[in-house]
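Visitor: sequence-free structure coming up:
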């Protein structure tokens, strides 16, 4: 009804189709145009609200935009910081895309990320060996850690039917305490006190040779391994979701679990693995943060990357191809926020802007659908007087 | 000696229980109507902020307290309309509202100055002299609002037509719909009650207990409330028991070091969540959960 598909004889261009399909671009339908229009309106409202907030804080919106711009994308140093922030956001968002596609809503990425960072830290500090092997093992272990953490929720859901959202949410707070425990126990991960003063609740620093390499020197653009991993994962996942049997089944499961089951999809296996995979991506993000920027396990290492990554996936409407630019945008907001201090506007502004942006992208598709339905419901009424004879058979058809 | 210690811990437990209990009344009612409302955290936080802001502007913490409840109601209005009118996934809405409220309150806190304001303490003459449990009768006055709010919530849910309709909407929205109940309207109303109560709980936390507001003041208490409702198996009595248990665990965590008892503090912090998970797993098959919990209702779909 609502989709206006292309003419039947449209020649297929496989390669272009792959690319366009993976990024999520389609021939725009009337619905898509309407959604886009509402989205533009909503984003404008969100930006307007943010500007209002800035003026309320006695700041000037122009200065704020300038500061955000300077801190994030004005020069190569800013870009480097933006990309460093964007990588974990993107990884978390990719995982969220998988889970959302499968219709299991995982909101515990913050905890899965923490557990991933903890496991990665444990491996990095305890495993002896050549640098690249230990790094690889640590990152894989981090992914396993995050996956195991969301796996608890998956197991609970598919054996006992507990609500995934609630279990992932509750497990996040348990994860925070597990990490607290680890960094407060000398036998686990707490640092060895440096002679004077008591040991703080954090782990020892990861040695230099285990830190993720980055290409480029400070004034120039630096691109860390984390960024490369995230981008490669995005491309692979985008193609898999759009073109593979697995991606198709996942989407089917998410859109209509009942139909998927009749078509031979095993919900527990596919949905459970999607949940585990989404946790694994969050855990990997934790590993990347640990070995790429922070270098030691601290209770605050997650720094809201889990929550924000989930927001990225929501803005991107669970499309990996769209998650990439959105993650860069959120990363830019993050790195720009550190330049806000000079303008006298609290950097919490960025959190508000992010939340408003999510609303501005989540509301329009729903509004557009409602609008379309309203138009559709109204249409027959308008038609009836013009074609009184055609109305009767049409009615019967509906009843069949 | 141990009587004094017991009294101190009990007093602290009660103080920490009250905000949870207020919000739990709201969350309980919302969940019975089928909304698993995770923005209860945001509602509490906004209530706490609103109470301090209005309290310091008007100079009256009492006015602030009720203003806090209204701010919670406002947040609930947004949540209710987004999730039960235009049907956006309630968890997405809740997540965004939590982020938004946290950012907004932290932002506003840094842009304005708020004076301290705290409601007065009430001491009930004779009863407060009883050793150990006397502390129950020596609380900030909004504490005694619980005596009004808890029975009222119970009455609303279990003894009114409105409550019956709420429960029907939470159990089987399709059946409720064909019998003429406006499902999404009832759910919106339930979320509004949740906002009012959570705002009150947050306001009690700020102008009742602390007297000021600080960044992320509720610190996950809203999620503990959700855990308490699950722990109480969607019954008010159990929910309040859960609130007291979790409040007591919090009090113990603060008191144990001074009492010289060694107990893992992380375990105590995690206890509410662990208990809630355990209850969810153990009781999953006992059908205590409202059957349409967190399932959106749209007419014509099954």
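Guide: Thanks, I have the structure now. Predicted model, so just to flag it, every value in this text is computed and none were measured.
Visitor: what about the residue of chain A found nearest chain B, neighbour count?
Guide: Nearest residue of chain A to chain B (C-beta to the nearest C-beta) works out as residue A:351 at 3.0 Å. To be clear about C-beta, it is placed using only N, CA and C from the backbone, and glycine gets the same treatment. The tally of other residues near residue A:351 (other C-beta atoms under 10 Å in any protein chain shown) stands at 24.
Visitor: contacting residues around residue B:214?
Guide: With contact taken as C-beta atoms under 8 Å, 6 or more residues apart in numbering or on different chains, residue B:214 is in contact with residue B:109.
Visitor: Make sure it is indeed in a helix.
Guide: No. Under DSSP: H, G, I helix; E, B strand; the rest coil, residue B:214 falls outside any helix and is assigned coil.
Visitor: Could you check what's spatially nearest to residue A:365, not counting adjacent residues?
Guide: residue A:35 (5.2 Å; C-beta to C-beta, 6 or more residues apart in numbering or on different chains).
Visitor: before we move on, the earlier item: the residue of chain A closest to chain B sits in which helix or strand?
Guide: helix A:349-383 (DSSP states H and E).
Visitor: Against which helices or strands is that helix packed?
Guide: For helix A:349-383, the packing partners by 3 or more C-beta pairs under 8 Å, 6 or more residues apart in numbering or on different chains; DSSP states H and E come out as helix A:30-56, helix A:305-315, helix A:320-337, helix A:388-399, helix B:90-111.
Visitor: how about those helices, which one is nearest residue B:72?
Guide: Closest to residue B:72 of the helices and strands packed on helix A:349-383, according to C-beta to C-beta: helix B:90-111, at 10.0 Å.
Visitor: tell me which parts of the stretch 151-300 of chain B are close to chain A?
Guide: Contact residues (C-beta under 8 Å from any C-beta of the partner chain) of the stretch 151-300 of chain B with chain A: B:220, B:223, B:226-227, B:230, B:264, B:266-267, B:269-270, B:273-274, B:276-277, B:280-281, B:284-285, B:293-294.
Visitor: Quick one: mean pLDDT for the longest helix along chain B?
Guide: The single longest helix within chain B, with elements called by DSSP state H, is helix B:2-32. The average pLDDT within helix B:2-32 is 87.
Visitor: Next, the angle helix B:90-111 makes with it.
Guide: 130 degrees (axes from the mean of the first three to the mean of the last three C-alpha atoms, to 10 degrees).
Visitor: all helices of the stretch 151-300 of chain B, in order?
Guide: B:161-171, B:173-178, B:183-203, B:221-231, B:236-259, B:265-282 (DSSP state H, counting those that start in this stretch).
Visitor: which non-adjacent residue is nearest residue B:165?
Guide: Nearest residue to residue B:165, sequence neighbours excluded (C-beta to C-beta, 6+ apart): residue B:181, at 4.9 Å.
Visitor: Over to residue B:191?
Guide: Distance criterion C-beta to C-beta, 6+ apart; nearest residue to residue B:191, sequence neighbours excluded, is residue B:80 at 4.1 Å.
Visitor: That neighbour contacts residue B:185, correct?
Guide: No. When contacts are counted by C-beta atoms under 8 Å, residue B:80 is not listed as touching residue B:185 (9.6 Å).
Visitor: Tell me which of the two has more neighbours.
Guide: Legend: neighbour count by other C-beta under 10 Å for residue B:80 and residue B:185, higher for residue B:80 (26 against 14).
Visitor: That one: which element?
Guide: helix B:61-84.
Visitor: Now do that helix: distance to the chain's middle.
Guide: Remark: helix B:61-84 is offset 13 Å from the chain centroid, using C-alpha atoms, centre = their mean, to the nearest Å.
Visitor: now for it, which elements pack on it?
Guide: helix B:40-58, helix B:90-111, helix B:183-203.
Visitor: sorry, back to before: could you identify which of the helices and strands packed on helix A:349-383 is most buried?
Guide: helix A:305-315 (a mean of 27; mean count of other C-beta atoms under 10 Å in any protein chain shown).
Visitor: got any ranges where the chain has weak pLDDT?
Guide: Went with chain A since none was named. For chain A, the stretches with pLDDT under 70 are A:1-28, A:193-197, A:379-400.
Visitor: wait, chain B
Guide: For chain B, the ranges with pLDDT under 70 are B:1-4, B:284-285, B:301-302.
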